[in-house]
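>>> just the structure for this:
(chains A and B)
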Amino acid sequence: MQLWSQYFIPTLKESPADAEIASHKLLVRAGLVRKLAGGLYTYLPLGLRVMRKITQICREEIERGGGIELEMPHLHPVENWQSGPRWAAAREIMFRADSAGDGQRAPREPEFVLGPTHEEVITPLVQAEITSYRDLPKNFFQIATKFRNEIRPRYGLMRAREFVMMDAYSFDTDDAHAVVSYQKMKVAYEAFFRRVGAHAIAVEADTGVMGGSFSHEFMVPADVGDDDVIYCEASGYAANREKATSALVPKDLADAAPLGATEEFATPGVGTIAALEAAPYLVPGDKQFKTLVFMGDGKPFLVILRGHDELEEAKLGALGFTLFRPATPEEIVSVMGARPGSLGAVRGTIAQPGALAGVFADYAIRLIGNGVTGANKDGFHLRNVNVTRDLQVTKFGDFRRVRAGEPDGKSGQPLQSRRGIEVGHIFKLGTKYSEKYGAVYTDDQKQSHPMVMGCYGIGIGRTLQAIIEQSHDADGIVWPWAIAPFQLLICVLDPQLPEAMDLANKLAAAAESAGADVLIDDRAERPGVKFKDADLIGLPLRVTIGGKGLKEGIVELKARTSKNVLKLPLAEAEVQIAAAVRAAAV
RNA sequence: CGGGGCGUAGCUUAGCCUGGUAGAGCGCUUGCUUCGGGAGCAAGAGGUCGCGAGUUCGAAUCUCGCCGCCCCGACCA
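Predicted structure coming up:
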């Protein structure tokens, strides 16, 4: 039981200027967090209570799914990362932790980084400690602070530089067992999100820098989310847009015939898809080949798409480059012989075809017959270009971004899209890390094999904020019971009356023994202030004790989600409140 | 990192264009009245106008540099 007057809940009438979205405003206004700097927040007492409750539920569910809790250092020797498989890709988001020096001499060389995640620590640990199939499977997890130098922290806890994450790492003897571990975590995640009151859905996801073989993201649908979820209600398909596919393009379609003779034509000053669509050329965008030049690990490669299709850069990850980026105009001219706007992949027109690491074409270009593409000569294009006959394609793949409205692969129904907040991610990693760090075990035939890994993350703070985002109204937060900082607010309108406070204490004791955390608002504030604050901090149940009610012999009970006020006779108040607590707690 | 915007009291902000005594609301302190949905009146405290240079008799205001923050893009739990 806490007395508001003795506690610390600094509520605000107005939202801070830097808060943009509802959940961020409410986090600050309800006195849950305060900002130290961009992406760095202090959890105030109320916020900390919520974090602890979410953390505890997370711990229980991950343990139920086979997880074993441990805790690793936040400071990592940089060598752990340098010897790992993704140092080049990950270093950009990592904070270095070098000595601040004495202000006189140059600081010592940096030796540590602040951990953005822990594959680079757990895998060497397991490598050293586990050598036998008898000790597998194992799934280690921790709930700890992570550090990432986000390119752009924003929206309060949603994308912070320092944040609390549950991270788990599974180690199995083979692929089939790794899938079992993965499924157990998926079940644990579903239980966790259900218990904390977050309506999260599992969607297929891109593996990104993690480099796993498959993965799911857990998304809370919200307009302020950073991700697009593509889904089909009829088939149940759901995927992050980065990964989503549609049935737009049959994968075995041959060239659309009949083939015309390829010819060059002058297009002075025309350098865009739109310009070729306009008069006098009148070439529809879906009859054009769009040729993009990228640099992958230092070598140029081409990506060909239909004119109207957009490249989904995440899908280029499948090509196996460690690092890739769009080529600069200078690089493009030296490889292709022309500037962007006149590029194409027709055999014999590329200036330095031998320099290319590959030409990767989206399946959808097979829908084009007698199309148009750049001639690799500034101001010229080619018409009657056909895929198989004319283009120098190394490999076809799915590289285009799916749009809502395209047919779903299973049901054929139009795909829909929705914004979502990514609150959790599970990856089946494979042996990428175990091979690199030598995490191998010996099987019952005395054979040595790399362990098959999975890794799993839940953003605790992000989950907290996502719940506020999907559970609030015009007056404030509406906490789900399981994670509310307190579950019952006893609002004492006349705390100067000893009988009012005596009653409050009695009711608090009854509610606590029924399983509620109780906050008593004993502040010498006006009723209006107390009610506004009560709605703002959003505890699920509120009991109001007023001088007026005491004369009538009643107290009032109200749920945050309802407008109805229940008048309880004093004689029944303890029993009824305890019953309400038990009813809400299930 | 690219593009845009903003830094004035604990919070929200006016003033800046057109240089001349730094203002308001909320919050805070004291008193009186009030007291079931962010009270009224009165009196008060609280500001290196982000930092540093420059222009000027004089800079919150104009110029330059730096720092911080916010929004849009790439990244992510």
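
>>> let me see the domain layout of chain A.
A:2-12+A:22-245+A:417-468, A:263-397, A:486-585 (automatic domain parsing).

>>> is RNA strand B contacted by stretch A:180-191?
No - counting by C-beta under 7 Å from any atom of the strand, RNA strand B has no neighbours in stretch A:180-191; the shortest distance is 10.1 Å. Every residue, glycine included, has its C-beta placed from N, CA and C.

>>> got a list of contacts for that stretch?
A:61-62, A:64-67, A:137, A:139, A:168, A:170, A:172, A:200, A:202, A:216, A:218, A:424, A:426, A:428, A:454, A:456, A:458 (C-beta atoms under 8 Å, 6 or more residues apart in numbering).

>>> what bits of chain A have low per-residue confidence?
A:102-110, A:207-213, A:249-257 (pLDDT under 70).

>>> right, is the lengthiest strand in it up against RNA strand B?
Counting residues, the longest strand found in chain A (DSSP state E) is strand A:416-430. Yes - remark: strand A:416-430 sits within contact range of RNA strand B at A:422-425, by C-beta under 7 Å from any atom of the strand.

>>> can I get those residues in TSV including neighbour count?
Below are those laid out as TSV (neighbours: other C-beta atoms under 10 Å):
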residue	neighbour count
A:422	22
A:423	28
A:424	28
A:425	23
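
>>> find the pair from the residues you listed with maximum spatial separation.
Within those, A:423 and A:425 form the most distant pair, 8.7 Å apart (C-beta to C-beta).

>>> give me the common contacts of the two.
Contacts common to residue A:423 and residue A:425, judged by C-beta under 8 Å, 6+ apart, are residue A:218.

>>> so which residue of chain A comes closest to RNA strand B?
residue A:546 (2.2 Å; C-beta to the nearest atom of the strand).

>>> and for that residue, the neighbour number?
18 (other C-beta atoms under 10 Å).

>>> not counting its neighbours along the chain, what's nearest it?
Of all residues not flanking residue A:546 in the chain, residue A:493 sits nearest, at 4.1 Å (C-beta to C-beta, 6 or more residues apart in numbering).

>>> and that neighbour, what is it in contact with?
A:500, A:527, A:530, A:544-547.

>>> before we move on, what about residue A:398?
Residue A:398 neighbours (C-beta under 8 Å, 6+ apart): A:245, A:315, A:362-363.

>>> next step: these restricted to strands.
Within the contacts of residue A:398, residues falling in strands by DSSP E are residue A:362.

>>> by neighbour count, which of the contacts of residue A:398 wins?
residue A:362 (23 neighbours).

>>> in strands, which of the contacts of stretch A:180-191 fall?
A:139, A:168, A:170, A:172, A:202, A:216, A:218, A:424, A:426, A:428, A:454, A:456, A:458.

>>> what about the second one, neighbour count?
Other residues within reach of residue A:168 by the criterion other C-beta under 10 Å amount to 27.

>>> quick check, it in contact with residue A:140.
Yes - under the criterion of C-beta atoms under 8 Å, residue A:168 makes contact with residue A:140 at 6.8 Å.

>>> quickly list what's touching both of the two.
residue A:67.

>>> one step back: buried only: go through the contacts of stretch A:180-191 for me.
A:61-62, A:65-67, A:137, A:139, A:168, A:170, A:172, A:200, A:202, A:216, A:218, A:424, A:426, A:428, A:454, A:456, A:458 (16 or more other C-beta atoms under 10 Å).

>>> confirm for me that residue A:178 is in contact with residue A:452.
Yes - between residue A:178 and residue A:452 there is a contact under C-beta under 8 Å: 4.0 Å.

>>> what do the two both touch?
Counting by C-beta under 8 Å, 6+ apart, the shared contacts of residue A:178 and residue A:452 are A:172, A:430.

>>> give me every residue in the stretch 451-586 of chain A lying close to RNA strand B.
Going by C-beta under 7 Å from any atom of the strand, the residues of the stretch 451-586 of chain A near RNA strand B are A:457-459, A:461-462, A:475, A:493, A:526-529, A:531-536, A:544, A:546-549, A:556, A:558, A:565.

>>> can you give me the helices in the stretch 451-586 of chain A?
Listed in chain order, the helices of the stretch 451-586 of chain A (DSSP state H, counting those that start in this stretch) span A:460-470, A:498-513, A:527-537, A:547-552, A:570-585.

>>> the second one versus helix A:570-585: what angle between them?
Right, the one you point to is helix A:498-513. Computed by axes from the mean of the first three to the mean of the last three C-alpha atoms, to 10 degrees, the angle separating helix A:498-513 from helix A:570-585 equals 30 degrees.

>>> number of nearby residues for residue A:347?
Residues within reach of residue A:347, counting by other C-beta under 10 Å, total 11.

>>> actually residue A:297, not the one I wrote
Neighbourhood size, residue A:297 [other C-beta under 10 Å]: 12.

>>> list the contacts for the closest residue in space to residue A:4 that isn't next to it in sequence?
What sits nearest to residue A:4 in space, not counting adjacent residues and going by C-beta to C-beta, 6+ apart, is residue A:521, at 4.4 Å. Going by C-beta under 8 Å, 6+ apart, residue A:521 touches A:4, A:489-492, A:530, A:533-534.

>>> name the residues linked to residue A:346 by a beta bridge.
Note on residue A:346: beta-bridge partners by DSSP bridges are residue A:391.

>>> what's the neighbour count on it?
Around residue A:346 there are 21 residues (other C-beta under 10 Å).

>>> pretty sure it sits against residue A:386.
No - the pair residue A:346 and residue A:386 does not pass the contact test of C-beta under 8 Å, sitting 9.7 Å apart.

>>> quickly list what's touching both of these two.
Each of residue A:262 lies in contact with both residue A:346 and residue A:386 under the rule C-beta under 8 Å, 6+ apart.

>>> now, which of the residues of strand A:416-430 next to RNA strand B sits nearest residue A:280?
Nearest to residue A:280, judged by C-beta to C-beta, of the residues of strand A:416-430 next to RNA strand B is residue A:422 at 47.1 Å.

>>> wait, isn't the closest one in contact with residue A:225?
Yes - between residue A:422 and residue A:225 there is a contact at 7.5 Å, judged by C-beta under 8 Å.

>>> any shared contact partners between these two?
Counting by C-beta under 8 Å, 6+ apart, the contacts common to residue A:422 and residue A:225 are residue A:219.

>>> could I get the contacting residues of residue A:485?
Residue A:485 neighbours (C-beta under 8 Å, 6+ apart): A:32, A:46-47, A:49-50, A:53, A:479, A:517, A:519, A:537, A:539.

>>> at 6 Å what do you get?
Applying C-beta atoms under 6 Å, 6 or more residues apart in numbering to residue A:485 gives the contacts A:46, A:49-50.

>>> with residue A:361 instead?
Taking C-beta under 6 Å, 6+ apart as the criterion, residue A:361 is in contact with A:304, A:393, A:396.

>>> among those residues, which lie within helices?
Judged by DSSP state H, helices contain none of the contacts of residue A:361.

>>> report the beta-bridge partners for the residue nearest the centre of chain A.
In chain A, the residue lying closest to the centroid (C-alpha atoms, centre = their mean) is residue A:422, at 2.7 Å. Judged by DSSP bridges, the bridge partners of residue A:422 are residue A:219.

>>> which of the three states applies to the spatially closest residue to residue A:244 that is not a sequence neighbour?
Counting by C-beta to C-beta, 6+ apart, residue A:230 is the residue found nearest to residue A:244 once chain neighbours are left out, at 3.8 Å. Of the three states, residue A:230 takes strand under DSSP: H, G, I helix; E, B strand; the rest coil.

>>> I'd say residue A:385 and residue A:373 touch.
Yes - the pair residue A:385 / residue A:373 is scored as a contact, 5.1 Å apart, by C-beta atoms under 6 Å.

>>> can you check which helix is longest in chain A?
Max-length helix for chain A by DSSP H is helix A:175-196.
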